[in-house]
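Engineer: Please find the sequence and the predicted model below.
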Amino acid sequence: MHADLLITHAQLLTLSSPTGPKRGPQMSDLGLVPDGALAVQGETIAAVGSTAEILAAYRSENVIEADGKVVLPGFVDPHTHALFAGERAAEFEMRLRGATYMEIMQAGGGIQSTVNATRTAPWEALLRETSLRLEAMLLHGTTTAEVKTGYALEQEGELRMLRAILALDRERHQAVDLVPTWLAAHAVPREYRHDPAAYVRQVVDEMLPAAAALWAQETAGEGRPAPLFCDVFCEKGAFDLDQSRRILERARALGMGLKIHVDEFAALGGTALAVELGAISADHLVCTPEEELLALARSDTIAVSLPGTPFGLGDPHYSPARTLLDAGGALALATDLNPGTCYCVSMPFIIALACRAMRLSPAEAVAAATINAAHAIGWGRRVGSLEAGKQADVVVLDLPDYRHLAYRFGTNPVEVVVKRGQIAVVR
């Protein structure tokens, strides 16, 4: 049979997981094929197996010889704030001098600083700046990414951000598939700082229905694998547990999927809330109480760790991943790309960091950055593993063994990125 593309003679990591995300000890099973190959037809993987098996069944004029290299699914980044304008390098210097995240936020910096820049950014400039970040992510092997709103904090601006995410995804300004999340509850805007309850009422009564209506109108008939997600920053100085519950319950009633920022700086009970409401993911999980972490491990909610954020803050505390995995939980990794605490586009760096700071094995970290990350955004049946019938999102690493992905750091190991069956990056 003819194939549009063959990749042969690789250390092939299939990450096959037909029953859902990998949990606990399953995360060490990468589906490794020592002399592996795959065939691509159109946008889809046609077959995966040994090089001998694939060459016996397929011929192609387009062949990537990956001898001595690693081939694995494109990375999936399930938590980013990639859509924004401006930068906050001055705040980084303030933190080096001892200012805390919340102190900077209360002084008018932090999220509000990016809100000011994003609200006033021209449409084309906002798309252009974000496209450059997404292209950098692609160069580091990310082929699918979640992107949040949350830097407008008023209805028309948040809707504008959602339209921008859809435009970046549809109009192919860049190659990364984007999965939108509505995060109007990212912070209380300065206009409501004396009456946060009024802002929560606006989110619940006006902004969420408007977002759901826009999503229904804009995506009708597209067959997207996941709904529009709703997220909330459940944290001291942001939204308390009762406010988070109100927002998420309203979102669920409107047909949205649920996500939640929890336990980044203080444990407010948000992890237990995520489990109770059936959220697809609970993200951050730095100071989660053990009983909530164990309940999370027993649930279908995926834990998303963002080790780049404590690294960016100079904080020695990271998600207690070993406790979660030893209890049989499902873990994903993400960059948390944002202008304030983690301006990082590199999933390879996040993998290397997670192995050191969270004591993951290289295999666990790879599973967390591919198949589990895909399930954390509802795309696990389309991407995240190399299996026949799945989208042909493939990365070739110029590394002799997958463990070098964690062993080395500070350089980009990505040599080739195949996106939807087309070679998108060659380095």
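Structural biologist: Done, it's in.

Engineer: Tell me the gap between the lowest-mean-pLDDT helix or strand in the chain and the middle of its chain.
Structural biologist: Ranked by mean pLDDT, DSSP states H and E, the weakest helix or strand in the chain is helix 101-106, scoring a mean of 76. Helix 101-106 has its C-alpha centroid displaced from the chain centroid by 25 Å (C-alpha atoms, centre = their mean, to the nearest Å).

Engineer: Go ahead and flag the most central residue of this structure.
Structural biologist: Pro78 (1.6 Å; C-alpha atoms, centre = their mean).

Engineer: Helix or strand: which one has the residue of the chain positioned farthest from its centre?
Structural biologist: Computed with C-alpha atoms, centre = their mean, the residue of the chain farthest from its C-alpha average is Ala56, at 37.4 Å. Taking DSSP states H and E as the criterion, Ala56 maps to helix 51-57.

Engineer: Could you give me the buried positions within the helix or strand just after that helix?
Structural biologist: Where DSSP H and E defines the elements, the next helix or strand beyond helix 51-57 is strand 63-65. Within strand 63-65, the residues that count as buried by 16 or more other C-beta atoms under 10 Å are Val63, Ile64. C-beta: built from backbone N, CA, C; applies to glycine.

Engineer: what pairs with the helix or strand following strand 63-65, and is each one parallel or antiparallel?
Structural biologist: Downstream of strand 63-65, the first helix or strand assigned by DSSP H and E is strand 70-73. Using DSSP bridges, strand 70-73 pairs in its sheet with strand 5-13 (parallel), strand 394-397 (antiparallel).

Engineer: who touches strand 70-73?
Structural biologist: Residues from elsewhere that reach strand 70-73 (C-beta atoms under 8 Å, 6 or more residues apart in numbering): 7, 10-13, 15, 30, 36, 38, 143, 366, 370-371, 383-386, 393-397, 399-402, 404-405.

Engineer: What residues of that strand count as buried?
Structural biologist: Val70, Val71, Leu72, Pro73.

Engineer: For the stretch 301-427 of the chain, which segments count as helices?
Structural biologist: In the stretch 301-427 of the chain, the helices defined using DSSP state H, counting those that start in this stretch lie at 308-313, 321-326, 347-357, 362-369, 371-375, 404-407.

Engineer: Actually, the stretch 1-150 of the chain.
Structural biologist: So, for the stretch 1-150 of the chain - with DSSP H, counting those that start in this stretch - the helices run 51-57, 89-96, 101-106, 111-120, 123-139.

Engineer: Centre of the chain to the fourth one, how far?
Structural biologist: Just to be clear, that refers to helix 111-120. 22 Å.

Engineer: average pLDDT for that helix?
Structural biologist: Over the span of helix 111-120, the pLDDT mean works out to 93.

Engineer: what packs against that helix?
Structural biologist: Judged by 3 or more C-beta pairs under 8 Å, 6 or more residues apart in numbering; DSSP states H and E, helix 111-120 is in contact with helix 155-170.

Engineer: Contacts for the helix it packs on next, please.
Structural biologist: 83, 118-119, 123, 126-127, 130-131, 134, 147, 149-152, 173-174, 177-178, 180, 182, 184, 202, 206-207, 210-211, 214-215, 218-219, 228.

Engineer: Give me the angle between that helix and helix 123-139.
Structural biologist: 50 degrees (axes from the mean of the first three to the mean of the last three C-alpha atoms, to 10 degrees).
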